[in-house]
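>>> Just to be clear, the model below is a prediction. Sequence and coordinates:
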Amino acid sequence: MNRIVIPVTEKLFGTTGVRKIYGEEFDLEMALNLGKALGTHLGKGTVLLARDARITGLMVANALTSGLVSTGIDVIDAGIIPTPTLAFITMKQKFDAGIMVTASHNPPEYTGVKFWSRNSMGFTQGEERELEKIYDSKQFNVARWDELGKVSHNESAVDEHIDALLEMCDVDTIRSKSFRVVVDPGNGAACLLTPYLMQRLNCQVVTINGQLDGHFPGRRSEPDEDSLGDLIQMIKKTGAALGIAHDGDADRIVFVTEKGEVVRGDRTIALLAQQALSTSKSKTVVTTVDSSLVLDETVERAGGNTIRTPVGDIQVAVKVVESKGVIGGEACGVFIFPDAHLAPEPFLAACKVLELMARTGKSFGELVTTIPQYPLLKSKIACPNDKKESVMSKIATVLPEKVGDVKEVLTVDGLGITSNQGWVLVRPSGTEPVIRITCEGQSKNAVEKILKITEEVVSSTVASA
Ligand code: MG
């Protein structure tokens, strides 16, 4: 048994809620006090609480519950469910807030807490700061013994969510095709929803990594080309029409074609945006700074426009609301359909993909070939954390001129430069002492050239800092 002293962290919330290594950066007292902080912030009311399948989840959820109840807040415990289900039910049943115990796609030793508002949006940075202030002050409400909150349970959240999803898509058309679909929930919370949703759509469902397991024995929790080998094989073996993979808390979804090609989220967003724009009055599509140019081009061709936000689903949701956007999303597999709610909605994305396949009679592979794929390169350069700020501001003054032919310079999240040949995004990592570079170009030559120029500028700036 180790004795561990949890260091006082300077910042509780990261890009999306609290996400930390259990036993090193996070302990139960923090969960207890987060519960008390939320209870104090709300003053009164009812909170819906749920968790993903992580080993630490039940314990952390119980500590949060104790904290909330001690301030007089009632808690409805929904057990293990996907994050989008928590957000949706919080809105639908008009709870005062939702709490999800999850570390999303991070490795199993991580735990975390994400907060949701009644309107189904994750807590904004402003709301997180307010919560953090109460947490740091330790000035918590204390309910009298006979005014403590009550705890009850909800076991129907997933069923309610599935029923609502079926009302938002053309069920009959999808059902008529009886698609064969391979689902890979990655032993995460989607085990409880996606296979059953597919069954309700009359799909022939094959599931791999389909048992809830917080050790994530089947694969890494982040669904990408490297972690989806088994899914690709199973699609080929079964002759399936579509592969579907999720991360640990199932707020992300990645689609794989009938040929076994893992499709980047921004191409799928482009495909679904094209459809949405053809029937919607709103012409705005919201995405993050790291999405492909192909999304902008597709949206423009369909008569719409794109808005870019910093990385993070809440940032996208905020802009979707502000701009009355028709759809929002991130390249990593986040889809936001504001007509449904404001949290990521991977399951509706799956329904929409199947609907499109059923209506057009085309395979998913055929549909995505209409959205070109530009070469994308990534790189990182070591940079001490305390030098990141000065290095980034120096790069901002030098890099645009070196890249040349500049159409647009974005500083919403790091430094983004779009030229006539492609774009580059330079961002300091939030978790490692590195500066990350992502480039995309219309040709291999173009993207290699942009990457080389950027690497040289970043390296020399770091060296002279
Ligand atoms: Mg996630």
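Yes, it's here.

>>> got the contact list for V398?
Residues in contact with V398 (C-beta atoms under 8 Å, 6 or more residues apart in numbering) are V457, T461. Where C-beta positions appear, they are placed from N, C-alpha and C, glycine not excepted.

>>> and if we set it to 6 Å?
Residues counted as contacts of V398 (C-beta atoms under 6 Å, 6 or more residues apart in numbering) are V457.

>>> Could I get the buried residue list for the helix or strand hosting it?
Using DSSP states H and E, V398 sits within helix 388-403. By neighbour count on 16 or more other C-beta atoms under 10 Å, the buried set for helix 388-403 is K388, V391, M392, K394, I395, L399, P400, V403.

>>> helices or strands up against the helix-or-strand element of the chain with minimal mean pLDDT?
Least confident helix or strand, the chain: strand 406-410 with a mean of 85, by mean pLDDT, DSSP states H and E. Using 3 or more C-beta pairs under 6 Å, 6 or more residues apart in numbering; DSSP states H and E, the elements in contact with strand 406-410 are strand 415-419.

>>> who does the strand it packs on pair up with?
When pairing is defined by DSSP bridges, strand 415-419 lines up against strand 406-410 (antiparallel), strand 422-428 (antiparallel).

>>> tilt between it and helix 388-403?
Calculated by axes from the mean of the first three to the mean of the last three C-alpha atoms, to 10 degrees, strand 415-419 forms an angle of 10 degrees with helix 388-403.

>>> how far out from the middle of the chain is strand 415-419?
Here strand 415-419 is found 24 Å from its chain centre; the criterion is C-alpha atoms, centre = their mean, to the nearest Å.

>>> Name the residues of it that are buried.
L415, G416, I417, T418, S419.

>>> Now it: average pLDDT?
Averaging pLDDT along strand 415-419 yields 89.

>>> Look up the closest residue to G243, ignoring the ones flanking it.
Of all residues not flanking G243 in the chain, V256 sits nearest, at 3.1 Å (C-beta to C-beta, 6 or more residues apart in numbering).

>>> which residues does the one you found bridge with?
Note on V256: beta-bridge partners by DSSP bridges are G243, V262.

>>> Which residues are in contact with it?
L231, G243, V262.

>>> Could you dump the residues you listed into a markdown table and include neighbour count, distance to the ion and pLDDT?
Putting the contacts of V256 into a markdown table (neighbours: other C-beta atoms under 10 Å; distance: C-beta to the ion, whole Å; pLDDT from 0 to 100) gives the following:
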| residue | neighbour count | distance to the ion | pLDDT |
| --- | --- | --- | --- |
| L231 | 27 | 17 | 98 |
| G243 | 29 | 18 | 98 |
| V262 | 19 | 17 | 97 |
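
>>> ok, so of those, who is nearest D163?
Minimum distance to D163 across the contacts of V256 is 25.1 Å, recorded for G243 (C-beta to C-beta).

>>> for the closest one, what are its contacts?
Taking C-beta under 6 Å, 6+ apart, we find G243 in contact with V182, L231, I235, V256.

>>> Can you say which helix or strand has the first one in it?
What that stands for is V182. In this assignment (DSSP H and E), V182 forms part of strand 180-184.

>>> in its sheet, what does that strand sit against?
With DSSP bridges as the test, strand 180-184 is paired with strand 204-207 (parallel), strand 242-246 (parallel).

>>> Give me the contacts around whichever helix or strand comes after that strand.
As assigned by DSSP H and E, the chain's next helix or strand after strand 180-184 is helix 194-200. With contacts defined as C-beta under 6 Å, 6+ apart, helix 194-200 is touched by I162, V181, V183, P185, V205, T207, F347.

>>> Please tell me I have it right and the second one contacts L242.
Yes. V181 is in contact with L242 according to C-beta atoms under 6 Å; the separation is 5.0 Å.

>>> how far out from the middle of the chain is stretch 93-105?
Taking C-alpha atoms, centre = their mean, the mean C-alpha location of stretch 93-105 is offset from the chain mean by 14 Å.

>>> hang on, I meant stretch 244-254
Here the centre of stretch 244-254 is set off from its chain's centre by 9 Å, with C-alpha atoms, centre = their mean.

>>> State the distance from the residue of the chain found nearest the ion to V316.
Residue nearest to the ion within the chain (C-beta to the ion): S104, separated by 3.2 Å. According to C-beta to C-beta, to the nearest Å, S104 and V316 sit 15 Å apart.

>>> Specify which residue of the two has the higher count of neighbours.
Each of S104 and V316 has its neighbours counted (other C-beta atoms under 10 Å); V316 has more, 27 against 23.

>>> did I read that right, the more buried one in a helix?
Yes. V316: assigned to a helix according to DSSP: H, G, I helix; E, B strand; the rest coil.

>>> So which elements touch the helix ranked longest in the chain?
In the chain, taking DSSP state H as the definition, the longest helix is helix 444-464. Helix 444-464 sits against strand 376-382, helix 388-403, strand 422-428, strand 434-441, with contacts defined as 3+ C-beta pairs under 6 Å, 6+ apart.

>>> contact partners of stretch 117-132?
Outside stretch 117-132, the residues that touch it by C-beta under 6 Å, 6+ apart are 12-13, 37, 41, 87, 91, 115-116, 314, 317, 341-343.

>>> and the chain, which of its residues are near the ion?
S104, D247, D249, D251 (C-beta under 5 Å from the ion).

>>> Looking at pLDDT only, which of those scores worst?
Least confident by pLDDT among the residues of the chain next to the ion: that is S104, with 90.

>>> could you pull out the strands for the stretch 201-350 of the chain?
For the stretch 201-350 of the chain, the strands defined by DSSP state E, counting those that start in this stretch cover 204-207, 242-246, 253-256, 262-263, 284-288, 305-309, 327-330, 334-336.

>>> Please tabulate those strands in CSV, including the columns distance to A276.
What follows is the strands of the stretch 201-350 of the chain, written out as CSV (distance: least, C-beta to C-beta, whole Å):
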stretch, distance to A276
strand 204-207, 26
strand 242-246, 19
strand 253-256, 17
strand 262-263, 18
strand 284-288, 8
strand 305-309, 13
strand 327-330, 5
strand 334-336, 11
